[in-house]
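# Just to be clear, the model below is a prediction. Sequence and coordinates:
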Amino acid sequence: MNLVDYLKTIPKPTPTETGEREKLKIFLVTARKSSKIGLLLIGLPSLLISIFILQALFHFKFGFIQWLGGNTFSLPTPAKAVLIFVFLVGFPMIAMVLNLLSLSHFQFDERSREFRATFRIRWWNIVIALAGGALATFYILRILADTLLGGR
Amino acid sequence: MPAYKFKNEEELISIAKNNPRIFGELYDTYYPRIFGYIFRITGDHALACDITAETFLKAWLKIGSFQWKGVSISSWFFKIATNELNQYFRKKKYSPQVLRDLSYFDEEKQKIASCYDSENTEVTAKMDKADEFIQLRRKLNTLPPRYQTVLALRYFEELSIAEISHILVKKENTVRSLLSRGLEKLKILFP
């Protein structure tokens, strides 16, 4: 028998299927949603943080804050302050918390009565969490400084 | 035989792009072939599970960009699987990147792991009965990866030259010469 015939006729092992494969299928069809959430967690905060950093530190004129101020002029001052606070501090904080949550996993083992925390190393999420935290801190300190020194 | 024979594949794929349930039908149909292909090349059940899962995850995430050119989607699945196998051959280890990125929670990984465990026992038992094939695979594994995949696709998966050419993105004549050189190299290993 030549090699080609041998390769064609040799009995080949065929792994049979079990019902367990269905679980992988369920994971698979929900994966795209997880992937989109992942992109949203990275993409949107990255954009906002970049705009804020360029505007606050390098004085680039994106007009975002001005646009925010211009379109909310009819609102009373406290409401305007809350809105700007939400944009400048709240959103970066949300980006930080969500990205930190996507990195972490908490599990309580009842048998050993142990609480386990696991953190994944995913650099994009870590960078965004840090940048979000830094930005929120920057604006909180700036607001504090404005409040304390504003009266002088 | 595919469960969806009442529809044509092109129509099915266009629906599957936005419908996980329909993609699930494609997955059910082609999982055994892709898993078998990877398993017969690597001989490692857990690794084959990882590569197969990664293959279908990548396929599902990228199916929006799949363009129908009159060739069955199975060729596309084989192409992704072959790329993953090449990654494994290059690094001599395999890390399913997308699977790892999307496995946010350990429960999901455990679900997948339990799939591996239950199938593993059965597959190992089957492999024990396939001594002759194991010997052949050992010889095949000493060849460069490009010969391994082309020989496996042709003789283990029984694909046509045209299909292999589509999967490997090579001209049919190149596939023929790869097969011929692969066979020559393999022949030397048989006393």
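That came through fine.
# What helices and strands are in contact with the helix or strand encompassing residue B:28?
Taking DSSP states H and E as the definition, one finds residue B:28 inside helix B:20-42. Judged by 3 or more CB pairs under 8 Å, 6 or more residues apart in numbering or on different chains; DSSP states H and E, the packing partners of helix B:20-42 are helix A:21-58, helix B:9-16, helix B:45-62, helix B:73-91, helix B:131-140. Where you see a C-beta, it was placed from the backbone N, CA and C, and this is true even at glycine.
# now for the last one, which elements pack on it?
The helices and strands touching helix B:131-140, judged by 3+ CB pairs under 8 Å, 6+ apart, are helix B:20-42.
# Now the helix it packs on: buried residues?
B:20, B:22-31, B:33-42 (16 or more other CB atoms under 10 Å in any protein chain shown).
# cool, stretch A:46-63 as well?
Applying a neighbour-count criterion of 16+ other CB under 10 Å, one finds A:46, A:48, A:49, A:52, A:55 buried in stretch A:46-63.
# what does that stretch rub up against?
With CB atoms under 8 Å, 6 or more residues apart in numbering or on different chains as the test, stretch A:46-63 has contacts from A:64, A:65, A:88, A:91, A:92, A:95, A:128, A:131, A:132, A:135, A:138, A:139.
# Quick one, which of those residues are buried?
For those, buried by 16+ other CB under 10 Å: A:65, A:88, A:91, A:92, A:95, A:128, A:131, A:132, A:135, A:138, A:139.
# circling back: quick check: the two most widely separated of the buried residues of stretch A:46-63?
A:46 and A:55 (14.8 Å; CB to CB).
# ranges for the helices of chain A?
In chain A, helices defined by DSSP state H lie at A:3-9, A:21-58, A:64-71, A:77-85, A:91-103, A:123-150, listed in chain order.
# By mean pLDDT, show me the worst of those.
Of all those, mean pLDDT reaches its minimum on helix A:64-71 (a mean of 64).
# Can you dump the C-alpha atoms of stretch A:6-22 in CSV for me?
Provided in CSV are the C-alpha atoms of stretch A:6-22 (Å, rounded to 0.1, in the frame of the first residue of the first chain):
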residue,chain,number,x,y,z
TYR,A,6,-2.4,4.5,3.9
LEU,A,7,-3.2,8.1,4.9
LYS,A,8,-6.6,7.8,3.4
THR,A,9,-7.6,4.5,5.0
ILE,A,10,-6.0,4.7,8.4
PRO,A,11,-8.7,4.8,11.1
LYS,A,12,-8.9,8.3,12.5
PRO,A,13,-10.1,9.0,16.0
THR,A,14,-13.3,11.1,16.1
PRO,A,15,-14.1,12.6,19.5
THR,A,16,-17.8,12.1,20.2
GLU,A,17,-19.9,15.0,21.4
THR,A,18,-21.5,15.2,24.8
GLY,A,19,-24.2,17.5,26.1
GLU,A,20,-21.7,19.6,28.0
ARG,A,21,-20.7,21.4,24.8
GLU,A,22,-24.0,23.3,25.0
